[in-house]
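1. give me a model of this one.
(chains A, B, C and D)
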There are 2 protein chains.
Amino acid sequence: MSKPLRADAQRNRARVLEVAAETFAAEGLSVSVHEIARRAGVGTGTVSRHFPTKEALFEAILLSRMEQLVQRAEALAEGTGQDRAYDEAFFAFFALMVEEGAGNRGLVDALAGAGFDFRSVEAERRYDVMGAWRELLRRAQQAGGIRADVDIADVKALLTGCIDRERSGVDPVARARLLAIVREGLRA
Amino acid sequence: MSKPLRADAQRNRARVLEVAAETFAAEGLSVSVHEIARRAGVGTGTVSRHFPTKEALFEAILLSRMEQLVQRAEALAEGTGQDRAYDEAFFAFFALMVEEGAGNRGLVDALAGAGFDFRSVEAERRYDVMGAWRELLRRAQQAGGIRADVDIADVKALLTGCIDRERSGVDPVARARLLAIVREGLRA
DNA sequence: AGACAACCGGGACGGCCGTCCCGTATATTC
DNA sequence: GAATATACGGGACGGCCGTCCCGGTTGTCT
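-> Modelled structure (predicted):
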């Protein structure tokens, strides 16, 4: 389809991706593309050539991260044998997502829908995080660990809340408490 | 301290406030001040004279709404007699806040911290919504209806989640289900 | 090594937003 | 009803952001 990139272009692309991932994670989606370019030590043109829009840049970041998350979710799904473990797998992934969101302001912004559509990324159908999670939920519900009427949107809402809690400082005790509240609430 | 405003100034101020409240509620904090002025049928200067900054404008809106919310919270607190009712008052206010947030995108934006500090409004100390709510929580905890280790930040996080859920369409069934989940989670 | 294509840097452009300012119009006061 | 302070309208300004483009440079292939 497309010819391989020139060596320096590959380097720059990777560097921009890396810097952008760190920056968005640390400071959220509000950082300007100019700032990303500056920190990566390249011109703004270089960024916009590899990633035509800011959204495309963030998509690229999210995509690689989502790949890992889906793998974790599937690994958790694999590891379930006894009925009891199904809901554990679900909650383990929930905790993982909270942790992810806590250290990734960009993801929080994306989830909050602040000018970015999470679904459009998933529409590429390569890494369907929510789909993988829905599967974990379905199994846990079938096994009777989680109330049957809950849907994945409810779960996402609770996740948003948990992540929001992290804004006022990272407090492991508070995080565990909130997770416990969610567990109790979702229990069948 | 200050002389009374001229009659037309009072009218304009009230009109701007009204239009801004509707607009922010319907479309969130991202609407421009120019647009508010246009819809109110006044010049941009008129808006910025009454409310020097956009934040000041939104503060003024929030302040009047918060007054009503605090009154509701206090009324709920008054109405509690039997031990059982304490947590009912708390959850009633929770539901009220969810409803409020569902029909008020500006408030959601403010809660999400998108460029606006909710606390700075409360710092005026006239209407302390969170304080009033904390009081409801405290009583419900003392009465044993809600687990003792929960703090008001946890509650706010859950509220954020519930309001977030409303983004994907207003579904009364889903709302009730999510509220039920929260109740179960917070129960002592 | 030379020629060509690919890529880089960063300035320039257009758009949007919040805020300020000033000539004009209008309410208030005597 | 005239004088005066007060408020209005909306254009102008400065800042920021995302995107595009072009003159110069650097990798790549023969």
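2. for chain A, which helix extends over the most residues?
-> Longest helix in chain A by number of residues (criterion: DSSP state H): helix A:54-78.
3. are it and DNA strand C in contact anywhere?
-> No - judged by Cβ under 7 Å from any atom of the strand, helix A:54-78 and DNA strand C are separated, with a smallest distance of 12.2 Å. Bear in mind the C-beta positions are built from the backbone N, C-alpha and C, glycine included.
4. pop the domain breakdown of chain A in here.
-> What automatic domain parsing lists as the domains of chain A is A:1-52, A:66-186.
5. these: which one's closest to DNA strand D?
-> Closest approach to DNA strand D among the domains of chain A (Cβ to the nearest atom of the strand): domain A:1-52, 3.1 Å.
6. hmm, that closest one touching chain B?
-> No - where contact is defined by Cβ under 8 Å from any Cβ of the partner chain, no part of domain A:1-52 touches chain B; the two come within 8.6 Å at best.
7. and that domain, how far out from the chain middle?
-> Put simply, domain A:1-52 sits 20 Å off its chain's centre (Cα atoms, centre = their mean, to the nearest Å).
8. what is the mean pLDDT for it?
-> What domain A:1-52 shows for mean pLDDT is 91.
9. ok, stretch A:103-113 next?
-> On average, the pLDDT along stretch A:103-113 is 76.
10. is that stretch in proximity to DNA strand D?
-> No - figure legend: stretch A:103-113 not in contact with DNA strand D (Cβ under 7 Å from any atom of the strand); closest approach 11.7 Å.
11. A:Glu99 sits in which helix or strand?
-> Following DSSP states H and E, one finds A:Glu99 within helix A:83-102.
12. only the buried residues of that helix, if you could.
-> The neighbour-count check on helix A:83-102 (16 or more other Cβ atoms under 10 Å in any protein chain shown) flags A:85-87, A:89-95, A:97-98, A:100-102 as buried.
13. in PDB, could you pull the C-alpha coordinates for that helix?
-> Presented in PDB, the C-alpha positions along helix A:83-102 are these (Å, rounded to 0.1, in the frame of the first residue of the first chain):
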ATOM      1  CA  ASP A  83     -17.900 -19.600  39.000                       C
ATOM      2  CA  ARG A  84     -16.500 -17.400  41.800                       C
ATOM      3  CA  ALA A  85     -13.700 -16.100  39.700                       C
ATOM      4  CA  TYR A  86     -15.800 -14.500  37.000                       C
ATOM      5  CA  ASP A  87     -16.700 -11.400  38.900                       C
ATOM      6  CA  GLU A  88     -13.200 -11.200  40.300                       C
ATOM      7  CA  ALA A  89     -11.900 -10.900  36.700                       C
ATOM      8  CA  PHE A  90     -14.400  -8.200  36.000                       C
ATOM      9  CA  PHE A  91     -13.500  -6.200  39.100                       C
ATOM     10  CA  ALA A  92      -9.800  -6.700  38.500                       C
ATOM     11  CA  PHE A  93     -10.200  -5.100  35.100                       C
ATOM     12  CA  PHE A  94     -12.300  -2.300  36.700                       C
ATOM     13  CA  ALA A  95      -9.500  -1.600  39.100                       C
ATOM     14  CA  LEU A  96      -7.000  -1.700  36.200                       C
ATOM     15  CA  MET A  97      -9.000   0.900  34.300                       C
ATOM     16  CA  VAL A  98      -9.200   3.100  37.400                       C
ATOM     17  CA  GLU A  99      -5.500   3.000  37.800                       C
ATOM     18  CA  GLU A 100      -5.000   3.700  34.100                       C
ATOM     19  CA  GLY A 101      -7.300   6.700  34.300                       C
ATOM     20  CA  ALA A 102      -5.600   8.000  37.400                       C
END
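14. so which elements touch it?
-> helix A:54-78, helix A:105-111, helix A:129-142, helix A:152-165, helix A:172-186 (3 or more Cβ pairs under 8 Å, 6 or more residues apart in numbering or on different chains; DSSP states H and E).
15. in JSON lines, list those helices along with mean neighbour count.
-> Converted to JSON lines, the helices and strands packed on helix A:83-102 look like this (neighbours: other Cβ atoms under 10 Å in any protein chain shown):
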{"stretch": "helix A:54-78", "mean neighbour count": "17"}
{"stretch": "helix A:105-111", "mean neighbour count": "22"}
{"stretch": "helix A:129-142", "mean neighbour count": "19"}
{"stretch": "helix A:152-165", "mean neighbour count": "23"}
{"stretch": "helix A:172-186", "mean neighbour count": "18"}
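16. out of those helices, name the one with the poorest average pLDDT.
-> When those are compared by mean pLDDT, helix A:105-111 comes last with a mean of 77.
17. quickly find the element holding the residue of chain A found nearest DNA strand C.
-> Residue of chain A nearest DNA strand C, by Cβ to the nearest atom of the strand: A:Gly45 (1.5 Å). Taking DSSP H and E as the criterion, A:Gly45 maps to helix A:44-50.
18. buried residues in that helix?
-> Applying a neighbour-count criterion of 16+ other Cβ under 10 Å, one finds A:Thr46, A:Val47, A:His50 buried in helix A:44-50.
19. ok, the nearest residue in space to A:Arg105 that is not next to it in sequence - contacts?
-> Nearest residue to A:Arg105 in three dimensions, chain neighbours excluded: A:Gly28, at 3.8 Å (Cβ to Cβ, 6 or more residues apart in numbering or on different chains). With contact taken as Cβ atoms under 8 Å, 6 or more residues apart in numbering or on different chains, A:Gly28 is in contact with A:Arg105, A:Gly106, A:Val108, A:Asp109.
20. export those residues to a markdown table and append columns for distance to A:Glu78.
-> Below are these laid out as a markdown table (distance: Cβ to Cβ, whole Å):
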| residue | distance to A:Glu78 |
| --- | --- |
| A:Arg105 | 31 |
| A:Gly106 | 29 |
| A:Val108 | 29 |
| A:Asp109 | 32 |
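21. now, which of these sits nearest A:Gln10?
-> The closest of the contacts of A:Gly28 to A:Gln10 turns out to be A:Gly106 (Cβ to Cβ; 23.5 Å).
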